[in-house]
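**Q** no sequence on this one, just coordinates:
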Ligand SMILES: *Cc1c(COP(=O)(O)O)cnc(C)c1O
């Protein structure tokens, strides 16, 4: 038995009839950009996130970038970001012209450590972008408090956290504005690229609507220098189908996580995810830590089990930022994590037998 890291075809097959119907509905409508499917999805996803507004955009990176642009953040500004995140969080900041200022994570949750935010603030700081990494919300109350005291915007990178709860409230409604990605592997995934900005701020939503569509509200009246970053009708139609399954699929991810946690708890050499009682994560990924990680990954590969590393190179050490002066040792916790983390197969479609095989194979290597 092989256990793929992820099987996206299984997700399609489970909803094949509804997705195929959505495809035909859009194809036969003859309308493919910014129409009724996008409008309907925006309403449905805003409601799901317990927020007032949703603006569909081209992808998650653009969602973050357009929020920064709409807030007028750019050249000469600084934005605080987690040192351990997917590089897109940083790219959104640097492509706006602002400077990413990395902050180390909490050792147990892997999310940005609120206590380290204050010391990173300078007169140029305009915003903080907490990431709900691996599907677990960051500790938003202290982050919002510090930001409120210092006049900073808080922007959630919720690309891994569709449906996650923080003190009973949904990711996407926990800050000034949130960015979502619908890249196919995400908890709510399209069959291509997609993204969204979610916010209670009507003015921000309006600006993002302008920015995503060449700066126009009315055809041929270009009010601002815009971009092209639109969610398309086909992806919106697929996402509406997927959104109706999101809670069920997240519940299945929780069941997979619960079983991993229970079965792997017997292996003291392995560090398992830590979940504070005030969050309900949606398990975008299931991460274990094991110092000789490469050995474990190789063993699992030899037994037909797919794993991945999220992420092996922290952004400050990426070639993309090689000219910015960061060096190994600058963010030791993030660098340590990058060397020890391993993502086990996690999705709503992991079968009981597959999970048992993963656990058995990990046990073989560790005991
Ligand atoms: C996927 C992801 C993004 C970027 O989303 P795209 O749609 O691929 O641009 C940004 N931040 C995080 C944390 C992500 O996981």
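**A** Looks like it came in fine. Just so we're clear, the structure is a prediction, and the values are computed from it rather than from any experiment.
**Q** going forward, measure contacts and count neighbours with C-alpha atoms only.
**A** Will do.
**Q** and the stretch 201-350 of the chain, which of its residues are near the ligand?
**A** Taking C-alpha under 6 Å from any ligand atom as the criterion, the ligand has no neighbours within the stretch 201-350 of the chain.
**Q** quick one, strands of the stretch 51-200 of the chain?
**A** Per DSSP state E, counting those that start in this stretch, the stretch 51-200 of the chain carries strands over the ranges 53-57, 78-82, 99-103, 125-128, 153-157, 165-166, 169-170, 177-181, 195-199.
**Q** Buried residues, the last one. List them.
**A** In terms of neighbour count (16 or more other C-alpha atoms under 10 Å), strand 195-199 has its buried residues at 195, 196, 197, 198, 199.
**Q** Give me the neighbour count for the closest residue to the fourth one other than its chain neighbours.
**A** Pointing back at residue 198 there. Counting by C-alpha to C-alpha, 6 or more residues apart in numbering, residue 198 lies nearest to residue 54, which is 4.4 Å off, once chain neighbours are set aside. Number of residues near residue 54 (other C-alpha atoms under 10 Å) recorded here: 28.
**Q** Let me know the pLDDT of residue 54.
**A** pLDDT for residue 54: 98.
**Q** which residues touch it?
**A** By C-alpha atoms under 8 Å, 6 or more residues apart in numbering, the contact list for residue 54 reads 42, 43, 45, 46, 196, 197, 198, 199, 205.
**Q** Closest one to the ligand out of these, please.
**A** Minimum distance to the ligand across the contacts of residue 54 is 9.2 Å, recorded for residue 196 (C-alpha to the nearest ligand atom).
**Q** The residue nearest to the closest one when sequence neighbours are not counted - how many residues pack around it?
**A** Nearest non-adjacent residue to residue 196, counting by C-alpha to C-alpha, 6+ apart: residue 56, 4.3 Å away. Look at residue 56: counted by other C-alpha under 10 Å, it has 28 neighbours.
**Q** So residue 37 lies in a strand, does it not?
**A** No: read with DSSP: H, G, I helix; E, B strand; the rest coil, residue 37 is helix and lies in no strand.
**Q** tell me the pLDDT at the residue nearest the centre of the chain?
**A** Residue closest to the average C-alpha location in the chain (C-alpha atoms, centre = their mean): residue 159, at 2.1 Å. Here the pLDDT value assigned to residue 159 is 98.
**Q** Kindly list the main-chain dihedrals of it?
**A** Main-chain dihedrals, residue 159, degrees, to the nearest 10: phi -60, psi -20.
**Q** Tell me the gap between stretch 271-280 and the middle of its chain.
**A** In terms of C-alpha atoms, centre = their mean, to the nearest Å, the gap separating the centre of stretch 271-280 from the centre of its chain is 17 Å.
**Q** From the rest of the structure, what touches it?
**A** Residues external to stretch 271-280 that are found in contact with it (C-alpha under 8 Å, 6+ apart): 108-109, 136-137, 164-168, 261, 264-265, 281, 286-290.
**Q** among those, which ones are buried?
**A** Using 16+ other C-alpha under 10 Å, the buried ones in those are 109, 136-137, 164-166, 261, 264, 281, 286-290.
**Q** Could you list the buried residues of the longest helix anywhere in the chain?
**A** The single longest helix within the chain, with elements called by DSSP state H, is helix 233-264. Residues 233-243, 246-247, 249-250, 252-254, 256-257, 259-261, 264 are the ones in helix 233-264 that count as buried (16+ other C-alpha under 10 Å).
**Q** Report the separation between residue 334 and the ligand.
**A** Computed as C-alpha to the nearest ligand atom, to the nearest Å, the residue 334 to the ligand distance reads 15 Å.
**Q** That residue: what's it in contact with?
**A** By C-alpha under 8 Å, 6+ apart, the neighbours of residue 334 are 83, 84, 104, 105, 314.
**Q** ok, now with 10 Å
**A** Counting by C-alpha atoms under 10 Å, 6 or more residues apart in numbering, residue 334 touches 82-85, 103-107, 110, 311-316.
**Q** any idea which of these is closest to the ligand?
**A** Nearest to the ligand out of these is residue 85 (C-alpha to the nearest ligand atom; 5.9 Å).
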